[in-house]
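**Q** for reference, the sequence and a predicted model appear below.
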Amino acid sequence: MRTIRLYTEQSLEPDATLILEEGPASHLTRVLRAREGDSVTLFNGHGVDWSCTVAEVSKRETRITVGRAVQVDNESPLSSHLGLCLSKGERFDWAIQKATEMGVASITPLFSARVDVKLPADRLTKKQRHWQQIAISACEQSGRAVVPVVKQATDLSAWTLDADADLKLVLHHHDPARLTEVTPKSVALLIGPEGGLTEQEVEHALSAGFQALQLGPRVMRTETAPIAALAVLGSRWGDL
């Protein structure tokens with residue numbers, strides 16, 4: 001039997017009945033073809049799954065009856081904060097999706113010297129909502145009940161100065177440095193765009209307390225690097 005998990009922004013309480021938002025309701029009834037009496041799991045980002053039942057489906061609304069709460073215990077003990085330079089097309093979407101599946105805590109899109117993406121303020125706001133929805137969808141698929149926050153895009157230099165974590169790393173394929181033996185509770189991870197970070201940007205990150213990290217002898221694409229880095233960090237200090 002398939003398991004349907006959907007995110008809702010609404011408050012969830014046992015035995016309550018709610019009208020599902022238009023987006024999740026459309027996906028539930030038109031895409032997944034759910035009908036009255038079907039089971040569905042709802043979560044609202046607070047680390048809990050709620051066993052629910054489709055109570056009513058009509059052209060105007062979909063009503064859900066909320067059942068019992070089930071604590072979800074699949075968040076990584078390592079809180080990872082990803083600063084990822086913007087890339088064109090679907091590559092950035094893909095990186096957000098996979099980073100969410102890997103357990104990232106937050107993602108900040110970054111502008112840097114070699115970022116070839118120009119977005120006016122209004123489009124950037126729409127893009128942020130789009131990226132957040134990608135993270136939500138990845139949580140629905142992966143079983144996470146805590147949704148990582150996709151933050152407002154900012155300049156790389158500002159993010160490196162403001163980053164607050166026990167361990168701060170910048171991926172740099174020229175540097176042979178290795179991970180520390182100290183176990184951190186949080187990590188900030190800076191990853192450059194296509195073409196990489198400039199030497200000045202790397203130096204700026206190092207002066208802001210970042211440590212250079214090389215994952216291997218090959219140069220990874222900007223959408224591959226976050227997944228590889230999060231896997232390495234997760235296997236060392238997380239839950240992989």
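**A** Nice, I can see it. Residues are numbered from 1 along each chain as shown.
**Q** so which bits of the helix or strand hosting Q133 are buried?
**A** Per DSSP states H and E: Q133 is located in helix 121-142. Across helix 121-142, burial judged by 16 or more other Cβ atoms under 10 Å covers 124, 127-128, 131-132, 134-140. For glycine as for every other residue, the C-beta is placed from the backbone atoms N, C-alpha and C.
**Q** out of the residues you listed, which one sits closest to V187?
**A** Ranked by distance to V187 (Cβ to Cβ), these are led by A135 at 18.4 Å.
**Q** would you list the buried residues of helix 121-142 in a markdown table and tack on pLDDT and distance to H172?
**A** Formatted as a markdown table, the buried residues of helix 121-142 follow (pLDDT from 0 to 100; distance: Cβ to Cβ, whole Å):
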| residue | pLDDT | distance to H172 |
| --- | --- | --- |
| L124 | 90 | 27 |
| K127 | 95 | 27 |
| Q128 | 96 | 27 |
| W131 | 97 | 25 |
| Q132 | 98 | 29 |
| I134 | 98 | 27 |
| A135 | 98 | 26 |
| I136 | 97 | 32 |
| S137 | 97 | 32 |
| A138 | 98 | 27 |
| C139 | 98 | 30 |
| E140 | 97 | 34 |
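**Q** packing partners of the helix or strand bottoming out on mean pLDDT in the chain?
**A** Each helix and strand of the chain was given a mean pLDDT (mean pLDDT, DSSP states H and E); the minimum falls on strand 211-213 at a mean of 91. Under the contact definition 3 or more Cβ pairs under 8 Å, 6 or more residues apart in numbering; DSSP states H and E, strand 211-213 sits against strand 167-171.
**Q** for the buried residues of helix 121-142, which one is nearest N74?
**A** Proximity of the buried residues of helix 121-142 to N74 (Cβ to Cβ) peaks at C139, which lies at 10.5 Å.
**Q** pull the number of nearby residues for the closest residue to that closest one other than its chain neighbours.
**A** Spatial nearest neighbour of C139, chain neighbours left out: V147 (5.2 Å); criterion: Cβ to Cβ, 6 or more residues apart in numbering. For V147, the neighbour count with other Cβ atoms under 10 Å is 18.
**Q** please report the distance of the residue nearest to V219 when sequence neighbours are not counted from A212.
**A** Spatially, and ignoring its direct neighbours in sequence, V219 is nearest to H173 (5.2 Å; Cβ to Cβ, 6+ apart). From H173 over to A212 the distance is 9 Å, taken as Cβ to Cβ, to the nearest Å.
**Q** next one: D15
**A** Per Cβ to Cβ, D15 is found 54 Å from A212.
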